[in-house]
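**Q** Got a predicted model here, sequence first, then my questions.
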Amino acid sequence: MKAVAALGLGVRRQIAALGQAAQLFVRLLAMLPATLARFRLLSDQIHFLGNYSLAIIAVSGLFVGFVLGLQGYYTLQRYGSSEALGLLVALSLLRELGPVVTALLFAGRAGTALTAEIGLMKAGEQLSAMEMMAVDPVKRILAPRFWAGFVAMPLLAAVFSAVGIMGGWLVGVVMLGVDSGAFWGQMQSGVDWWNDLGNGVIKSFVFGVAVTFVALYQGFTAKPTPEGVSRATTRTVVMASLAVLALDFLLTASMFSI
């Protein structure tokens with residue numbers, strides 16, 4: 001009986017946590033007009049999340065492009081289609097690798113920073129002090145960071161894909177001797193604006209919402225202790241990464257079924 005009671009208590013806690021997360025998510029969505037009205041807060045958070053993540057995104061995109069160029073060239077060469085290397089690199093980055101890898105890096109860099117920041121503010125009772133002064137911490141602290149992640153994530157994914165394509169060009173054209181005209185021509189003729197580029201942009205927006213919300217929720221509900229903040233930061237990376245991969249499957253399945 002004790003095991004059943006413990007199981008029931010665990011299920012009730014999980015359902016309560018889901019309800020709390022859903023309420024917070026709806027509140028953040030409803031605060032878009034108020035966030036836009038205080039645009040300075042939003043722009044500061046876009047700079048914090050986007051600009052400080054730019055270096056790791058660009059470097060990672062370059063090396064992913066290098067690997068795609070090498071692997072794609074030696075694979076296509078078997079079938080005499082090495083001129084299609086540009087199309088292969090572009091589709092791989094725009095459809096999948098660009099949004100997904102950027103979201104995973106974004107979770108590791110910006111997501112953990114958000115969780116630690118909010119968690120430390122809670123541990124230092126700064127959020128409680130705001131409530132005592134009749135300032136809503138969700139409106140003042142969480143909402144600008146949430147919508148900043150929504151804006152920053154697609155921009156970082158675009159940088160990742162652009163740098164990755166240049167990396168594939170350097171390896172394929174400069175190092176391996178693929179014709180430059182064929183590299184860019186195949187890419188321009190084969191990439192569709194909506195089915196390829198548009199779907200990747202939609203994924204970027206969805207991943208930005210998911211990663212940022214997970215980070216903010218974990219920080220907002222963390223125990224106000226150093227150990228609690230540390231555990232919340234770890235949960236952010238794990239849960240955000242799993243959410244990105246699961247959403248990627250669902251979005252890809254729905255996009256290709258339409």
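**A** That came in fine, so what should we check first?

**Q** neighbouring contacts of stretch 177-191?
**A** 73, 82-87, 89-91, 94, 165, 169, 172-173, 197 (Cβ atoms under 8 Å, 6 or more residues apart in numbering). Glycine gets a C-beta too; all of them are placed from N, C-alpha and C.

**Q** Please identify the buried residues of it?
**A** V178, A182, F183, W184, Q186, M187, V191 (16 or more other Cβ atoms under 10 Å).

**Q** which ones among these are found in helices?
**A** Taking DSSP state H, the ones among the buried residues of stretch 177-191 that sit in helices are A182, F183, W184, Q186, M187.

**Q** Apart from its chain neighbours, what residue comes closest to the last one?
**A** Read that as M187. G86 (3.8 Å; Cβ to Cβ, 6 or more residues apart in numbering).

**Q** Quick check: which element contains the one you found?
**A** Using DSSP states H and E, G86 maps to helix 85-91.

**Q** Which neighbouring elements make contact with whichever helix or strand comes after that helix?
**A** For helix 85-91, the following helix or strand on the C-terminal side (DSSP H and E) is helix 98-106. Helix 98-106 is packed against helix 54-77, helix 143-169, helix 199-220, helix 226-257, with contacts defined by 3 or more Cβ pairs under 8 Å, 6 or more residues apart in numbering; DSSP states H and E.

**Q** Could you check how far the longest one is from the centre of its chain?
**A** Its chain's average C-alpha position is 9 Å from that of helix 226-257, according to Cα atoms, centre = their mean, to the nearest Å.

**Q** What helices and strands are in contact with that helix?
**A** Helix 226-257 packs on helix 98-106, helix 112-123, helix 199-220, going by 3+ Cβ pairs under 8 Å, 6+ apart.

**Q** Next, find the distance separating S254 from D248.
**A** 11 Å (Cβ to Cβ, to the nearest Å).

**Q** Please report how far D136 lies from A243.
**A** Relative to A243, and taking Cβ to Cβ, D136 is found at 26 Å.

**Q** Pull the contacting residues for G149.
**A** Neighbours of G149 in contact, by Cβ under 8 Å, 6+ apart: L49, F106, A110, L114, G208, V209, V211, T212, A215.

**Q** ok, the residue nearest the centre of the chain - contacts?
**A** Centroid-nearest residue in the chain, with Cα atoms, centre = their mean: A103, separated by 2.7 Å. Applying Cβ under 8 Å, 6+ apart, we find A103 in contact with M153, A157, S204, F207, G208, A210, V211, A240, V244.

**Q** Go through the residues you listed and name the one nearest F25.
**A** Relative to F25, the closest of the contacts of A103 is A210; by Cβ to Cβ it sits at 10.3 Å.

**Q** Quick check: chain neighbours aside, which residue is closest to V89?
**A** The shortest distance from V89 to any non-neighbouring residue, by Cβ to Cβ, 6+ apart, is to G168 (3.5 Å).

**Q** what's the burial count for the one you found?
**A** 30 (other Cβ atoms under 10 Å).

**Q** just V237 next, same as before
**A** The number of residues packed near V237 is 19, by other Cβ under 10 Å.

**Q** Verify the contact between it and A107 for me.
**A** Yes - the criterion here is Cβ atoms under 8 Å, and V237 meets it with A107 at 5.9 Å.

**Q** before we move on, which element is A3 in?
**A** Counting by DSSP H and E, A3 is part of helix 2-30.

**Q** quick one: buried residues of that helix?
**A** Using 16+ other Cβ under 10 Å as the test for burial, helix 2-30 gives A21, L24, L28.

**Q** want to throw those residues into CSV with pLDDT?
**A** Putting those into CSV (pLDDT from 0 to 100) gives the following:
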residue, pLDDT
A21, 84
L24, 87
L28, 89
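
**Q** circling back: how about CSV for the helices and strands packed on helix 226-257, with distance to S60 and mean pLDDT added?
**A** CSV is the format used below for the helices and strands packed on helix 226-257 (distance: least, Cβ to Cβ, whole Å; pLDDT from 0 to 100):
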stretch, distance to S60, mean pLDDT
helix 98-106, 6, 94
helix 112-123, 16, 90
helix 199-220, 15, 93
